[in-house]
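Undergrad: after the sequence you'll find the predicted model.
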Amino acid sequence: MTPWERFATVARGGVADKIPVAFIVDSPWIPGFFGIDTLDYFLRLDEWLRVNLALRERFPEIAWIPGFWIEYGMAAEPSVFGARIVWHHDQAPSIEHVPGGLATLLQFEPADPYKHGLMPLVLQRYADAEKRLLPEGLNIKMVAARGPLAVAGWLVGITELLIGLKTEPESYARLLDTITTTIIAWLRAQLSVLRAPEGLLVLDDIVGMLSPKLFEQFARPYFSRIFGEFRGLIRVYHNDTPCPRLLESLATLGFDVFNFSHEMDIADVQAKMPRIALMGNVPTLDVMVRGTPAQAEAWARECIRKTNGRGLILSAGGGVSPGTPAETIESVVKATGAR
């Protein structure tokens, strides 16, 4: 099996020939790892293609999620709602809150991903990238989007959002509905420009900050819509905010794979989400960045022990953080030989 085939098999509830290893990687890590300018990574297709292909060659046993990801940090979704994007040579872009906040945002209709913000640029880059990849026997397997609460947090600020869910629930429900409609259209547009996509990734850590009551009011309706729109594809949900109180509720939203915080014990997560493939959960900073290869391998082996390797996709407890060295990544792969 290829790394992708292992990942896809376990994601769909099957058993692979060995435990898959997969990592979420994007512009906060890749340019630094290869020692290139972040703006070159975004703007030069040849450079972007070179380093993404180099990842496959450097780590042949790993499935990169979503893989060949065309992204501008977290800027694509906020850009269609008027957020100002601040660019940097040595890190992913920053995003400024929308002036006027909620009152301004409530005037927006759902965005058209073929016309608005950075989205058309991403779509064109996907089309161009696949033209280069297909002759090599490769295609882009997955697309991605930030979730509605994460996007709202960038637009108004996380503190303002969390307070507003309590003080102005009807207005924030309207905003989240507009954002959700945009996200569904955005994912569909990305899928439409690829030859044979198989999955999608939704990233939203803000869900983990909600109480069970607020989850039912402001997460379930929107995430159920998103995941329900894409039945048949592999649906991966990333949320590395510790949220043990929400695990059983999260398991009913309709995703197939959960990438979660190392601060939640993987055995407990598996007990509460028995039909979800678990993608994790070696600590991203304390072990993957600041630890030793031996510590990374030991943590990965413990994940295997606690789950008996069932429904497990070894990974970090979140995306790969800036500064993560090759050695700790390789040590997670090494652990799969000690099942």
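TA: Thanks, I have it. Numbering: from 1, shown residues only.

Undergrad: hey, where'd the strands end up in the stretch 201-339 of the chain?
TA: Along the stretch 201-339 of the chain, the stretches classed as strands by DSSP state E, counting those that start in this stretch are 234-239, 257-260, 277-282, 312-316.

Undergrad: reformat the ones you listed as TSV; add distance to G157.
TA: C-beta: built from backbone N, CA, C; applies to glycine. Formatted as TSV, those follow (distance: least, C-beta to C-beta, whole Å):
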stretch	distance to G157
strand 234-239	19
strand 257-260	25
strand 277-282	28
strand 312-316	27
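
Undergrad: can you lay out the ones you listed as CSV showing distance to S211, mean pLDDT and mean neighbour count?
TA: As requested, the strands of the stretch 201-339 of the chain are exported to CSV (distance: least, C-beta to C-beta, whole Å; pLDDT from 0 to 100; neighbours: other C-beta atoms under 10 Å):
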stretch, distance to S211, mean pLDDT, mean neighbour count
strand 234-239, 15, 98, 24
strand 257-260, 18, 98, 26
strand 277-282, 23, 97, 27
strand 312-316, 27, 98, 28
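
Undergrad: chain center to stretch 163-171, what's the gap?
TA: Averaging C-alpha positions (C-alpha atoms, centre = their mean, to the nearest Å) puts stretch 163-171 27 Å from its chain's average.

Undergrad: for stretch 145-152, same thing?
TA: Taking the mean of its C-alpha atoms, stretch 145-152 sits 11 Å from the chain's own mean (C-alpha atoms, centre = their mean).

Undergrad: swap in stretch 284-293?
TA: Distance of stretch 284-293 from the chain centroid (C-alpha atoms, centre = their mean) equals 20 Å.

Undergrad: check contacts around the residue nearest the centre of the chain.
TA: Closest to where the C-alpha atoms of the chain average out (C-alpha atoms, centre = their mean) is L203, at 4.3 Å. By C-beta atoms under 8 Å, 6 or more residues apart in numbering, L203 lies in contact with 144-147, 150, 237-239.

Undergrad: now do P197: how many residues are near it, please.
TA: P197 sits with 22 neighbouring residues when counted by other C-beta atoms under 10 Å.

Undergrad: average model confidence for stretch 211-231?
TA: Computed over stretch 211-231, the mean pLDDT rounds to 98.

Undergrad: same question but for stretch 112-127, I mixed them up
TA: On average, stretch 112-127 scores 98.

Undergrad: helix, strand, or coil at the closest residue to A16 other than its chain neighbours?
TA: In this structure, A16 finds its nearest non-sequential neighbour in R6, 4.0 Å apart by C-beta to C-beta, 6 or more residues apart in numbering. Secondary structure, DSSP: H, G, I helix; E, B strand; the rest coil: R6 is helix.

Undergrad: quick one, what contacts R6?
TA: When contacts are counted by C-beta under 8 Å, 6+ apart, R6 touches 16-20, 63.

Undergrad: so which of those is the most crowded?
TA: Within those, neighbour counts (other C-beta under 10 Å) peak at P20, which reaches 27 neighbours.
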